[in-house]
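In: sequence unknown, structure follows:
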């Protein structure tokens, strides 16, 4: 089955630093990857959609300069939270979709805590 | 009106009970309907996928889609403590790649 690996699963950083989260599709090529953010007891909020080799499409209200997304290959997308602040603390989840598929496979999520 | 409405619960049932989870939606363009299960501090995992209207059964799980009423359901038979999780409905359609999620219903199955 399709497996998506997300790393790190948990990260704590100081305010003002940058954090990179990786999302890899292990056994399939992901033409499209999605990044979500989830606050406690809330649903998943789509942040951006990334297609391999092109710029990410950000949802309204998401700062593209703050949340840098790179989809460099068909198996890897990264989310970099730049100059992180405590309000950026959240659960970030990536998902991947293979070409022609209608369902998404999700990573296990990355919990970011900014002190 | 939100695109997808889902009662967040919480829902608490005894082991062995039949559980009914529901979502309503407003966008008639939605064609693909999914149910995901999310354990605490984990990513969602796909439980059921249905295209257009109808029923789909997989073991103890049954998904129903009624497009005329814009209503989808997930039934869990013989519920087990291991079913305790948050269940999220999700859907997409109209040529959009984006999945729209419900808020999720937190389910606890008590032994």
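Out: Sure thing, it's come through. If you're wondering where the values come from, they're calculated on a predicted model, not measured in any experiment.
In: tell me if I'm right that residue A:108 and residue A:6 touch.
Out: Yes: taking contacts as CB atoms under 8 Å, residue A:108 lies within contact range of residue A:6: 5.4 Å. In short, each C-beta sits where N, CA and C put it, glycine included.
In: find residues that contact each of the two.
Out: Taking CB atoms under 8 Å, 6 or more residues apart in numbering or on different chains as the contact rule, the neighbours common to residue A:108 and residue A:6 are residue B:43.
In: report the central residue of chain A.
Out: residue A:35 (3.6 Å; CA atoms, centre = their mean).
In: and the closest residue to it other than its chain neighbours, which helix or strand is it part of?
Out: Nearest residue to residue A:35, sequence neighbours excluded (CB to CB, 6 or more residues apart in numbering or on different chains): residue A:47, at 4.6 Å. Applying DSSP states H and E as the criterion places residue A:47 in strand A:44-51.
In: may I have the strands that pair with that strand, each with its orientation?
Out: strand A:30-38 (antiparallel), strand A:57-58 (antiparallel) (DSSP bridges).
In: measure residue A:19 to residue B:18 for me?
Out: 44 Å (CB to CB, to the nearest Å).
In: more neighbours, these two?
Out: residue A:19 (19 against 12; other CB atoms under 10 Å in any protein chain shown).
In: how about the residue of chain B found nearest chain A, what does it touch?
Out: Chain A sits closest to residue B:43 of chain B, with a gap of 3.9 Å, by CB to the nearest CB. Residue B:43 is in contact with A:4, A:6, A:93, A:95, A:106-109, counting by CB under 8 Å, 6+ apart.
In: how far away is it from residue A:8?
Out: Distance from residue B:43 to residue A:8, by CB to CB: 14 Å.
In: same question for residue B:109.
Out: Taking CB to CB, one finds residue B:109 at 31 Å from residue A:8.
In: ok, back up a step: quick check: beta-bridge partners of the residue nearest to the centre of chain A?
Out: Counting by DSSP bridges, the residues bridging with residue A:35 are residue A:48, residue A:94.
In: show me the contacts for residue 19.
Out: By default, I'm working from chain A. Taking CB under 8 Å, 6+ apart as the test, what residue A:19 contacts is A:11, A:13, A:80-81, A:84, A:112.
In: meant chain B actually
Out: B:11, B:13, B:74-76, B:79, B:83, B:107, B:109.
In: list just the nearest of the residues you listed to residue A:73.
Out: residue B:74 (35.4 Å; CB to CB).
In: next, residue A:53: phi, psi?
Out: Residue A:53 adopts backbone torsions of phi 80, psi 0, taken as degrees, to the nearest 10.
In: name the element residue A:11 belongs to?
Out: Using DSSP H and E, residue A:11 falls in strand A:10-13.
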